[in-house]
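Peer 1: quick check, what structure comes out for this input:
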Amino acid sequence: MRRSVFLAAGALVVLSGALFLWRTERVSAADRPASPPAPLPVETIVVKPQADAPTLEAVGSLEAVRQVTIAPEVAGRVVDIRFVAGSRVSAGQTLVQLYDAPEQAKLAGLQAKADYTRRQFDRAVQLVPNGAEPKATFDARRYELDAARADIRETRAVITQKLIRAPFSGVIGLRRVNLGQYLNPGDPIATLTDLGVLYANFTVPQKELSRVSLGQTVRVTTDAYPGRTFEGHVTAIEPQVGDETRNITVQATVTNTGQLLRPGMYIDAHLALPGRDAVISVPDTAVQTSQAGDTVVVVEQRDGRGVGVARVRQVRAGARERGRIVIEDGLRAGDVVVTTGQLRVAPGAKVQALADAGTRRETVR
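Peer 2: Just a heads-up that it's a prediction; the model follows:
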């Protein structure tokens, strides 16, 4: 009995001691300050000015330099068609013949009349100086000859108009007429397009106007021919800025090598801009855009382990090209810029700059 009492008392003492130690440890833990959170790892780059050879990219379309709708100037019935749709024709080549038999007959009569009038005029030339005929007869014969010759020229002009020719060399489009069809002036016969040289029309933001000039090289690409590039040069700049877009239309003349391009195609235009010796650029993932402007997150007060404080900095962004953004103002050489993970970083937070990621990104241009 006595032994049981001693055992119970001993157990109570042990339990009381354990409870005391647990409460003491709990109070000590509550009194101790919380350990600071581990720095948040973020990918960064170290800003390094580099030589820049920028290109301005824009979307545009192609337009024919020379393209016309072939149409008659005078009315007539189609009696001959001398072209194949989609074929190449030469300048001056006959395309369509309209019925001209009445004009041909009229021309023959006018030529006969002109011959007779010329003989009468020649006779007056001989007789008037001798007084055999009055001066008025000479004047009348000269007038009749001039009028006969004018009638011939007029009829020949109508005959020429009824022989419809290609005004320049190019590719003839789909035929819109048939044999025997009666055409009125202006009725379309087909389109004729010179595919050797085309216009590439595209727009650029007004802030880039100072960097665009006549003669600049333009490279044109299209999804119709992946991997193919067509080169041209800026030949015109629209003097008016768009009211709604505030963009400026630029026109380049492009050599259509192989005549692969077609008017109306959508194209990507790559305009080579003047380069600069020292330009600061960052990956486009580093720049955050809002109504307040463009910002980046920089790492300041770094220690030897790359741990520093995150700060939000206002910047002025410039041209965008191939996944990078030129920073015109707000950054300087040596700044450490966060490229990935900045949305999880609060201003003033401790961050761990990952130098390896920065090295990889710095090589991307």
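Peer 1: CA only for contacts and neighbour counts going forward, please
Peer 2: Noted.
Peer 1: Leu56: what's it in contact with?
Peer 2: If a contact means CA atoms under 8 Å, 6 or more residues apart in numbering, then Leu56 has 204, 269-273, 319, 321 as its contacts.
Peer 1: 10 Å instead?
Peer 2: If a contact means CA atoms under 10 Å, 6 or more residues apart in numbering, then Leu56 has 204-205, 208, 211-212, 218, 269-273, 319-321 as its contacts.
Peer 1: equivalent analysis for Lys207, please.
Peer 2: Residues in contact with Lys207, defined by CA under 10 Å, 6+ apart, are 246-248, 318-319.
Peer 1: cool, Gln301 as well?
Peer 2: Listed by CA under 10 Å, 6+ apart, the contact set of Gln301 reads 307-310, 350.
Peer 1: correct me if wrong: Gly264 contacts Glu63.
Peer 2: Yes - applying CA atoms under 10 Å as the test, Gly264 and Glu63 come out as touching, 5.9 Å apart.
Peer 1: between those two, which contacts overlap?
Peer 2: When CA under 10 Å, 6+ apart defines a contact, the residues bordering Gly264 and Glu63 alike are Ala200.
Peer 1: so between those two, which is more surrounded?
Peer 2: A direct count of neighbours by other CA atoms under 10 Å for Gly264 and Glu63 places Glu63 higher, at 20 against 12.
Peer 1: the more buried one touches Leu198, doesn't it?
Peer 2: Yes - taking contact to mean CA under 10 Å, the distance of 5.8 Å between Glu63 and Leu198 places them in contact.
Peer 1: can you tell me which of the contacts of Leu56 are buried?
Peer 2: Among those, those scoring as buried are 204, 212, 218, 269-273, 319-321 (criterion: 16 or more other CA atoms under 10 Å).
Peer 1: all strands of the stretch 201-350 of the chain, in order?
Peer 2: Listed in chain order, the strands found in the stretch 201-350 of the chain under DSSP state E, counting those that start in this stretch are 217-221, 230-237, 247-255, 266-272, 276-279, 281-283, 288-290, 293-300, 307-321, 324-329, 336-340, 350-354.
Peer 1: remind me which residues of the stretch 251-365 of the chain are low pLDDT?
Peer 2: By pLDDT under 70, the low-scoring segments of the stretch 251-365 of the chain are 275, 355-365.
Peer 1: format the contacts of Leu56 as TSV; extra columns: distance to Pro72.
Peer 2: Compiled in TSV, those are given as follows (distance: CA to CA, whole Å):
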residue	distance to Pro72
Val204	41
Pro205	44
Glu208	46
Arg211	46
Val212	43
Val218	39
Ala269	38
His270	41
Leu271	42
Ala272	44
Leu273	47
Ala319	51
Arg320	51
Glu321	51
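Peer 1: looking at those, spot the one nearest Thr191.
Peer 2: When the contacts of Leu56 are compared for distance to Thr191, the smallest value, 26.8 Å, is given by Ala269; criterion: CA to CA.
Peer 1: if we can go back for a sec, tell me, what's touching Glu63 and Leu198 both at once?
Peer 2: In contact with both Glu63 and Leu198: 253, 261-263, using CA under 10 Å, 6+ apart.
Peer 1: how distant is stretch 54-68 from the center of its chain?
Peer 2: 6 Å (CA atoms, centre = their mean, to the nearest Å).
Peer 1: mean confidence score for stretch 231-242?
Peer 2: Averaged over stretch 231-242, pLDDT sits at 92.
Peer 1: same question but for stretch 108-120, I mixed them up
Peer 2: Per-residue pLDDT over stretch 108-120 has a mean of 88.
Peer 1: quick one: buried residues of that stretch?
Peer 2: The neighbour-count criterion (16+ other CA under 10 Å) identifies 110, 113-114, 117-118, 120 as the buried residues of stretch 108-120.
Peer 1: can I get the residues you listed in a markdown table with secondary structure?
Peer 2: Conversion of these to a markdown table gives the following (DSSP: H, G, I helix; E, B strand; the rest coil):
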| residue | secondary structure |
| --- | --- |
| Leu110 | helix |
| Lys113 | helix |
| Ala114 | helix |
| Thr117 | helix |
| Arg118 | helix |
| Gln120 | helix |
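Peer 1: thinking again about what came up before, how about the contacts of Lys207, which pair is most distant?
Peer 2: Greatest spatial distance in the contacts of Lys207: Ile248 and Gly318, 17.3 Å, computed using CA to CA.
Peer 1: now the strands for the stretch 51-200 of the chain?
Peer 2: Taking DSSP E, counting those that start in this stretch to define them, one finds strands in the stretch 51-200 of the chain at 55-70, 76-81, 88-89, 94-98, 163-165, 170-172, 182-183, 190-205.
Peer 1: who is the closest residue to Gly227 other than its chain neighbours paired with across the strands?
Peer 2: Spatially, and ignoring its direct neighbours in sequence, Gly227 is nearest to Thr221 (7.8 Å; CA to CA, 6 or more residues apart in numbering). The partner list for Thr221 in beta bridges (DSSP bridges) reads Asp268.
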